[in-house]
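Student: Need a 3D model of the sequence below.
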Amino acid sequence: GLRPEIVSRYATNERFGLVGKSSGGYGSMVNAMLRPDAWSALATHSGDVGFELMYGGSWGETVTHVASDGSAEAYLARLANAPSMRSSDFHTMMMCALAASYDPRPVDALLRLGVKLPVDLKTCIVDTEAWGRWMAFDPLSMVELHHEALANMDLFFVDCGGQDQYHIHYGTRRLVSRLDALSVPNVYEEFVGTHSGIDHRLDVSFPLLSKALRE
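Tutor: Here you go, the predicted model:
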């Protein structure tokens with residue numbers, strides 16, 4: 001793994017932190033919750049949280065792009081052989097990738113990629129059972145089971161732009177409120193900005209991570 005490799009090559013105090021933005025911020029939170037033995041601190045910049053608002057409003061657009069192909073798998077197969085893609089295809093592909101990640105289906109003759117959207121392609125009615133499997137991976141759900149792991153972090157830094165175009169600021173506010181209620185120490189900053197052009201926020205988190213990992 002990466003951690004042992006770093007320890008073998010470099011002089012370290014064997015304390016490691018996680019930092020990421022957008023999906024990388026989500027990964028930082030999830031890894032810290034699931035492997036608290038491996039990490040001492042984390043920072044998430046506009047990490048995915050609040051799936052209902054993030055993805056729930058996208059199903060109409062997604063189904064409109066996929067339905068004419070008959071299934072998400074057929075849609076992806078067509079794109080794989082297409083000479084070019086429309087800009088809207090990138091978001092639809094993202095939704096298909098999320099389905100493969102949060103609700104992978106058994107691979108068979110019909111689902112060669114194991115991808116099935118949690119909505120009916122004719123009516124756009126959400127399959128509540130399938131959607132529930134997605135929601136289990138929302139940090140708003142995961143924190144209920146793994147808050148003790150987060151409480152043991154030497155730093156849990158969270159930030160988000162107050163005009164995030166994916167509405168992540170609402171989920172982030174809810175997450176921070178829940179962290180406070182569960183007595184999980186955290187540093188939260190909401191800044192003026194969107195989901196884009198936020199690399200400058202690393203200037204805030206890196207010094208905090210450095211201090212937490214050095215102590």
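
Student: Excluding residues flanking it in the chain, which one is nearest V158?
Tutor: Y188 (4.8 Å; CB to CB, 6 or more residues apart in numbering). Every C-beta, even on glycine, is put in place using the N, C-alpha and C of the backbone.

Student: So the one you found: helix, strand or coil?
Tutor: Assigned with DSSP: H, G, I helix; E, B strand; the rest coil, Y188 falls in the strand class.

Student: does it really touch D159, like I thought?
Tutor: Yes - Y188 lies in contact with D159 (CB atoms under 8 Å); the separation is 6.9 Å.

Student: So if I had to pick from those two, which one is more boxed in?
Tutor: A direct count of neighbours by other CB atoms under 10 Å for Y188 and D159 places D159 higher, at 23 against 16.

Student: shouldn't the more buried one be in contact with N186?
Tutor: No - taking contacts as CB under 8 Å, D159 lies outside contact range of N186: 10.5 Å.

Student: G25 touches G47, doesn't it?
Tutor: Yes - between G25 and G47 a contact is recorded at 2.5 Å, counting by CB under 8 Å.

Student: so who does S23 touch?
Tutor: For S23, the contact set (CB atoms under 8 Å, 6 or more residues apart in numbering) comprises 47-48.

Student: Please point out which parts of the lengthiest strand in the chain sit buried.
Tutor: Selection of the longest strand in the chain by residue count, based on DSSP state E, yields strand 155-161. By 16 or more other CB atoms under 10 Å, the buried positions in strand 155-161 come out as 155-161.

Student: Dump those residues to CSV, plus distance to V126 and pLDDT.
Tutor: Putting the buried residues of strand 155-161 into CSV (distance: CB to CB, whole Å; pLDDT from 0 to 100) gives the following:
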residue, distance to V126, pLDDT
L155, 37, 99
F156, 32, 99
F157, 33, 99
V158, 28, 99
D159, 30, 99
C160, 26, 99
G161, 28, 99
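
Student: Of the residues you listed, just say which sits nearest to F16.
Tutor: Distance to F16 across those (CB to CB) is lowest for L155, with 12.1 Å.

Student: Please parse the chain into its domains.
Tutor: Annotated domains of the chain cover 2-50+138-214, 53-134 [automatic domain parsing].

Student: so which of these is the most packed in?
Tutor: Greatest average neighbour count among these goes to domain 2-50+138-214 (a mean of 17), per mean count of other CB atoms under 10 Å.

Student: how near is the residue nearest to V158 to A43?
Tutor: For Y188, the distance to A43 equals 11 Å [CB to CB, to the nearest Å].

Student: Mind listing the shared neighbours of those two?
Tutor: V158.

Student: Verify the contact between S40 and L18 for me.
Tutor: No - using CB under 8 Å as the test, S40 is too far from L18 to be in contact (9.2 Å).

Student: ok, now which ones touch A149?
Tutor: 32-34, 36.

Student: In helices only, show me those.
Tutor: Using DSSP state H, 32-34 are the members of those that sit in helices.

Student: Need those in a markdown table (columns: pLDDT and distance to S141).
Tutor: As requested, the ones in helices among the contacts of A149 are exported to a markdown table (pLDDT from 0 to 100; distance: CB to CB, whole Å):
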| residue | pLDDT | distance to S141 |
| --- | --- | --- |
| A32 | 98 | 15 |
| M33 | 98 | 11 |
| L34 | 98 | 13 |
